[in-house]
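Asks: Predicted model and sequence below, questions to follow.
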Amino acid sequence: MVVSLGDLRSLLAAGVPAGRGDEDSVRRQWWAALATVQADLLGAAPPQPGVWLAAPLPALYEPSLLEWLDGWVWTPAEVGNLMPPGLPLLPGMAPLTDPHGRPPRGTAGRPGGFHRLSLREEDGTDPLLVLITPVLQVALALDGPPQERRLVVRFDAPTLSAALELLDRRLAQDDAAAGLGLRRRLQLLGPLSNDPDLGTRFWPLLAQRLASMAPSVTLQPLVHGEKRSEGSDAVSSELALLEALTHEVRTPLATIRTLIRSLLRRTDLPAVVRQRLEQIDGECSEQIDRFGLIFLAAELQRQPGSGQPLSDSELARTDLSRLLYQLEELWQRQLERRDLRLVLEIAADLPHVMSDPSRLETMLGGLMDRFSRSLPSGSEVRLRLLPAGSRLKLQLSSDDPESREADGLAAAVPMPVGPVLSWNPETGSLQLSRQATQRLFHRLGGRLTERGGSNLTVFFPAAERGG
């Protein structure tokens, strides 16, 4: 009988109350749980050898822990097709084993790597992690249908023992050598013990992390195993690579930001230290949101019909003038790091607009980032909000492109790398393509136009006054 990772999730979820969460909420719980396990539970103890098994991508990311652990990771086949053999999925790690689980030459018997195996269609793509060390044994998974999602965390020995037996059977089916390697590693660990109060400690720590996490776009899995037509293979491969990239970038950044904000609550920090920490916090937030926008754009590209504007019932009255004033200070700080200046011009007594306020702030931040990233040092970014008939016109402009060309500073044209991303050879950075940015604003009720690299305009439908 073929063992699927779906069977493992069912085993872990047995006896757990039904979930009531949506995808965004359980994803935040998942990231917070990973940080709690690595920083609060394992990070507080001396380094320990151990094993970990995860899907659909590596769940662990703390380098000081990974050096002591051996892993087995089931990843989507698209990820393996896109990445050269032996290339690590996590930055700073030793080269991966080959697809048959054999370690690269010179690393035999050395912990700190992981074997990559292929997901099957019946495995699903909800994340899971089983981690076994002498002082901590835990299994985590996301489970449940839409709007009934839940985070499952198990510390009890009977469940973990059954989970390891199931994983051993799965490894035996995928690669007998890998299964033998897991059994040998478990035997070397010797007696295992969990703190009987572990569950009591874990959940308050998780709650503290959730409370300190700033609202931001939550990244969700992009590989769903749906049936694909031949013409969509290229897009599906790009989305699989985006999932791997966002995992590598967002996870450690979210942890760094949480740690930084805990330090900023101290009152005894020297001014220069506080300033540096605030700069790091800003950079982390900027990059987390940037990759979140890439995810949203990829979702719109992947799902037919999702590029249509939200319905009237999904749009809400939004005070765009007030929102821009609230973002002005943040944008000023971001632009100053690139030696750019911001000038804000907002007409008086403007009506509200109809949009999705929960996404609009992040979209505007992404628009500012996309517009300013290719500007030369010393440029001025002018942002205007003006009436335009039954709409409001939000305009971003910079120096006259003709004067820039005369000075030899003409911006390089971004090169498309797919329907979602483009690469700017001048800055060496990835950004949303023009098409993807237009689709995102169209979804929020806006219409984006772009003239060269020096002028961006978004038109929003104005709400009726007094409505």
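Replies: Sure thing, it's come through. Numbers count the residues shown, from 1 in each chain.
Asks: Listing partners with orientation, what would you give for the longest strand seen in the chain?
Replies: Across the chain, the longest stretch assigned as strand under DSSP state E is strand 380-388. Strand pairing for strand 380-388, using DSSP bridges, gives strand 341-346 (parallel), strand 391-397 (antiparallel).
Asks: Give me the distance from that strand to the chain's centre.
Replies: In terms of Cα atoms, centre = their mean, to the nearest Å, the centre of strand 380-388 is found 31 Å from the chain centre.
Asks: and what of stretch 21-29?
Replies: Centre to centre, stretch against its chain (Cα atoms, centre = their mean), the figure for stretch 21-29 is 13 Å.
Asks: average pLDDT across that stretch?
Replies: Per-residue pLDDT over stretch 21-29 has a mean of 81.
Asks: returning to what we had before: what's the most buried one of the strands paired with strand 380-388?
Replies: Mean neighbour counts were taken over those using mean count of other Cβ atoms under 10 Å, and the top value, a mean of 20, falls to strand 391-397. Where C-beta positions appear, they are placed from N, C-alpha and C, glycine not excepted.
Asks: tell me how far it is from the chain's mean position?
Replies: How far strand 391-397 lies from its chain's middle: 30 Å, per Cα atoms, centre = their mean.
Asks: for stretch 15-35, same thing?
Replies: Mean C-alpha position of stretch 15-35 versus that of the full chain (Cα atoms, centre = their mean) differs by 15 Å.
Asks: buried sites along that stretch?
Replies: Using 16 or more other Cβ atoms under 10 Å as the test for burial, stretch 15-35 gives 19, 21, 25-35.
Asks: from these, which single one is nearest residue 188?
Replies: residue 34 (25.1 Å; Cβ to Cβ).
Asks: for the host helix or strand of the closest one, packing partners?
Replies: Using DSSP states H and E, residue 34 falls within helix 23-35. Applying 3 or more Cβ pairs under 8 Å, 6 or more residues apart in numbering; DSSP states H and E, one finds that helix 23-35 makes contact with strand 137-143, strand 150-154, helix 198-212, helix 233-264.
Asks: Report pLDDT for residue 267.
Replies: If you check residue 267, the pLDDT there is 89.
Asks: Report whether it is found in a strand, as I expect.
Replies: No - inclusion of residue 267 in a strand is not indicated when DSSP: H, G, I helix; E, B strand; the rest coil is applied; the result is coil.
Asks: Ramachandran angles for it?
Replies: In terms of degrees, to the nearest 10, the main-chain angles of residue 267 are phi -100, psi 0.
Asks: Which of the strands paired with strand 380-388 sits closest to residue 191?
Replies: Closest to residue 191 of the strands paired with strand 380-388, according to Cβ to Cβ: strand 341-346, at 60.8 Å.
Asks: Let me have the strands paired with strand 380-388 in TSV, extended by distance to residue 175.
Replies: Formatted as TSV, the strands paired with strand 380-388 follow (distance: least, Cβ to Cβ, whole Å):
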stretch	distance to residue 175
strand 341-346	55
strand 391-397	53
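Asks: With residue 291 as the reference, name the closest of the ones you listed.
Replies: Taking Cβ to Cβ, strand 391-397 is the member of those nearest to residue 291, at 21.5 Å.
Asks: hang on, the earlier thing: which strands or helices does the helix or strand following the helix holding residue 34 pack on?
Replies: Heading C-terminal from helix 23-35, the first helix or strand you meet, by DSSP H and E, is strand 50-55. When contacts are defined as 3+ Cβ pairs under 8 Å, 6+ apart, strand 50-55 packs onto strand 69-75, strand 128-132, helix 176-189.
Asks: which one of those lies closest to residue 293?
Replies: Minimum separation from residue 293 across these (Cβ to Cβ) falls at strand 69-75, 24.2 Å.
Asks: Tell me which other helices or strands the closest one touches.
Replies: Contact here means 3+ Cβ pairs under 8 Å, 6+ apart; on that basis strand 69-75 packs against strand 50-55, strand 114-118, helix 176-189.
Asks: For residue 323, see how far away the residue lying closest to residue 436 once chain neighbours are set aside is.
Replies: Nearest-residue entry for residue 436: residue 297, 3.9 Å, with adjacent residues in sequence omitted and distances by Cβ to Cβ, 6 or more residues apart in numbering. Shown here: residue 297 relative to residue 323, a distance of 21 Å by Cβ to Cβ, to the nearest Å.
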